[in-house]
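Colleague: sequence unknown, structure follows:
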């Protein structure tokens, strides 16, 4: 993902006049499968459509935003810096499962973007508010 | 929003069914499809987990049960069997669908 | 009801594209509308016209093409995911078209329900 899509101008082309709550749920670690990378590409494109977007990291998905990913020796591109671009695309609602962090011995300090850490009940309640949930 | 959760992996293979039930609120529905149908005939810990989730309505996709050599009488009490038409109805009557893979 | 469908896996390796197809077919039989079926990740492989499963087994690629032909279902393959996997215009099965991820987001916005099938 060397060339990020340009931050979209605020025109009416992608404006359907409808704003829905979209949630992307990430449950897998990066690199072992492609889902983390291609899901992030999806979130970036979705940003152009001015929807109410939340991104959740839970289970192994919390590893996607962990600091210090060194991928040269597995011959893959480290795409984690791209998560820092989300804010510039107005995707600021990033949530992390408290349980998933703790199970993996991680804290918020280990993550490379600002997130809100939620317990199970809060995450469940948030999921219940969504109109479109995209998972992989 | 009322949510229909779908789970497609076996509880013996992945934690997806557990993760789903942990995040499904009372009044939501869970549909077990593909290999997750093993959760509908489970015994022991998994069955206990399912039975304890009593605010959640659980369904299982009949064709996937039959494909795996299981019969409806083996299904845990309280779990309803539906076909693909029933799957569509569940998706239509709930506001949102959340697929757990 | 207007349904959008997202297919994350290719045919045969995972059951998800079969389940997606069966759901889509059942929805049409019940008189619902399918706004779009979008293929992402390995799902793009559902569009590969070169697929040649044994003749006594279902041919998922053809089944999707038939849905497009008989019901006008819009089958869209993500261009970025397709390029990675070598799915190009000249091997695209009938009824499929290649377009951008925006088509998926549009389906999420315009359909009443988006149903995801993956592994």
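Modeller: Perfect, thanks for sending it. Note that the coordinates shown come from a computational prediction; the quantities given were computed from them, not determined experimentally. Numbering: from 1, shown residues only, chains lettered A, B, ... in the order given.
Colleague: In chain A, what residue spans correspond to helices?
Modeller: In chain A, the segments counted as helices under DSSP state H are A:35-46, A:98-103, A:120-128.
Colleague: and the longest one with chain B, contact?
Modeller: No: looking at helix A:35-46 against chain B by CB under 8 Å from any CB of the partner chain, there are no contacts, and the closest approach is 8.9 Å. All C-beta atoms are positioned from the backbone trio N, CA, C, and that covers glycine.
Colleague: coming back round to it: quickly compare the helices of chain A and say which is most buried.
Modeller: Sort the helices of chain A by mean neighbour count, taking mean count of other CB atoms under 10 Å in any protein chain shown, and helix A:35-46 sits at the top with a mean of 22.
Colleague: what's next to that one, contact-wise?
Modeller: With contact meaning CB atoms under 8 Å, 6 or more residues apart in numbering or on different chains, helix A:35-46 is reached by A:1, A:4-5, A:22, A:24, A:26, A:28-30, A:53, A:55, A:61, A:64, A:79, A:82-83, A:85-86, A:89, A:91, A:134, A:136, C:40-41, C:80-81, C:100-102, C:104-105.
Colleague: Check which residues of whichever strand or helix holds residue C:3 are buried.
Modeller: Using DSSP states H and E, the secondary-structure element containing residue C:3 is strand C:2-7. Burial within strand C:2-7, assessed by neighbour count using 16 or more other CB atoms under 10 Å in any protein chain shown, is assigned to C:3, C:4, C:5, C:6, C:7.
Colleague: what subset of those is also close to chain B?
Modeller: Of these, the ones that also sit near chain B (CB under 8 Å from any CB) are residue C:3.
Colleague: returning to what we had before: neighbouring strands of the strand holding residue C:3 in the sheet, and parallel or not?
Modeller: Sheet pairing for strand C:2-7, assigned by DSSP bridges, gives strand C:33-39 (parallel), strand C:113-117 (parallel).
Colleague: Please identify the residues of chain C in proximity to chain B?
Modeller: Residues of chain C lying close to chain B by CB under 8 Å from any CB are C:1, C:3, C:8, C:15-16, C:19, C:22-23, C:25-27, C:29-30, C:32, C:113-119.
Colleague: Buried subset of the residues you listed, written for PyMOL?
Modeller: Buried residues within the residues of chain C next to chain B, by 16+ other CB under 10 Å, are selected in PyMOL with:
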select buried, chain C and resi 1+3+8+15+16+19+22+23+25+26+27+32+113+114+115+116+117+118+119
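Colleague: quick one: low-confidence parts of the chain?
Modeller: Assuming you mean chain A. In the predicted model, chain A carries pLDDT under 70 at residues A:1-3, A:5-16.
Colleague: can you check chain B too?
Modeller: With pLDDT under 70 as the threshold, chain B has no low-confidence stretch at all.
Colleague: how about the residues of it that lie near chain A?
Modeller: Close to chain A, as judged by CB under 8 Å from any CB, chain B has residues B:1, B:3, B:15-16, B:19, B:22-25, B:28, B:95-101.
Colleague: Pull out the buried members of those.
Modeller: Burial by neighbour count, 16+ other CB under 10 Å: within the residues of chain B next to chain A this picks out B:3, B:16, B:19, B:22-24, B:28, B:96-101.
Colleague: What segments of chain C are helices?
Modeller: Across chain C, reading from the start of the chain, the helices by DSSP H fall at C:16-29, C:60-71, C:79-84, C:102-110.
Colleague: Make a markdown table out of these and add mean pLDDT and distance to residue A:70.
Modeller: As requested, the helices of chain C are exported to a markdown table (pLDDT from 0 to 100; distance: least, CB to CB, whole Å):
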| stretch | mean pLDDT | distance to residue A:70 |
| --- | --- | --- |
| helix C:16-29 | 98 | 33 |
| helix C:60-71 | 98 | 40 |
| helix C:79-84 | 98 | 23 |
| helix C:102-110 | 97 | 32 |
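Colleague: need the helices for chain B, in chain order.
Modeller: Under DSSP H, chain B gives helices at B:16-23, B:44-52, B:62-67, B:84-93.
Colleague: To chain C, which of those lies closest?
Modeller: Closest approach to chain C among these (CB to the nearest CB): helix B:84-93, 3.9 Å.
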